[in-house]
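1. based on what follows, work out the 3D shape:
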Amino acid sequence: MTTVVTAWHVETDAYRIRRLGKSLEELGELVSVLARCLIQGVDEIDPSSGEVNRMRMQKETADVLTQVGGLTETFNLDVKEIMERVQDKKASMDKWEELLVEEKQNILDSDWGIDTSAGRPILTYKNCSVIEAEVAEYVLGLIKNEQ
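-> Take a look at the predicted model:
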C-alpha cells in the first residue's frame, strides 16, 4: 500500500484564522463543560463558576451553534448538504439509542428482581440479595425508572 503525501498549505487569511480559532475555543469550552457533567452530574453546581452544569452546557452549546453559523458563512459551506447530513446523523443516532434502550431493558429484566421465597420481598441483583422488606419493591421501581 502506498501512502499519499501532500503538502500542507497553512491558512493565511486573518479573518478565516480568527473564525477557526474562535470555533475551536468554543468547542473546547463545551468539551470542558461536558466533562464536568460526566464527573459531577448535569444538575450539580460547578465549584469554579458557581453555575449549574446544565446551564453552562446550554450556554456553551449556544456559543458552538453560533460558531457553526459563522463557519457556514465564512467558508461558504452548503447549508442544504449540512442539513441532509444532520438528518442522516440524527436517524443513525436514533437507531443507536434504541439499541441502548433495548440493552438496558434486557439488563433490567435479567439482572434485577424480587424474590418472595422467604415470605417477604427481597430485592436481588444477579440472584444475590440486596435489600429485604417492603422497601425492596420501592427500590426496584426507582432502579427501573432511573434506567
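2. give the buried residues for the helix or strand where residue 35 lies.
-> Assessed by DSSP states H and E, residue 35 sits inside helix 14-40. Using 16 or more other Cβ atoms under 10 Å as the test for burial, helix 14-40 gives 19, 20, 23, 26, 30, 33, 34, 36, 37. C-beta: built from backbone N, CA, C; applies to glycine.
3. which helix runs longest in this structure?
-> helix 79-111 (DSSP state H).
4. sorry, back to before: counting contacts, what elements does the helix holding residue 35 pack onto?
-> When contacts are defined as 3 or more Cβ pairs under 8 Å, 6 or more residues apart in numbering; DSSP states H and E, helix 14-40 packs onto helix 53-74.
5. give me the domain ranges for this protein.
-> If you go by automatic domain parsing, the domain ranges for the chain are 1-77, 79-147.
6. spatially central residue for this structure, please.
-> Closest residue to the average C-alpha location of the chain: residue 34 at 7.7 Å, with Cα atoms, centre = their mean.
7. per-residue confidence for the nearest residue to it once chain neighbours are set aside?
-> Nearest residue to residue 34, sequence neighbours excluded (Cβ to Cβ, 6 or more residues apart in numbering): residue 57, at 6.8 Å. Listed pLDDT for residue 57 reads 96.
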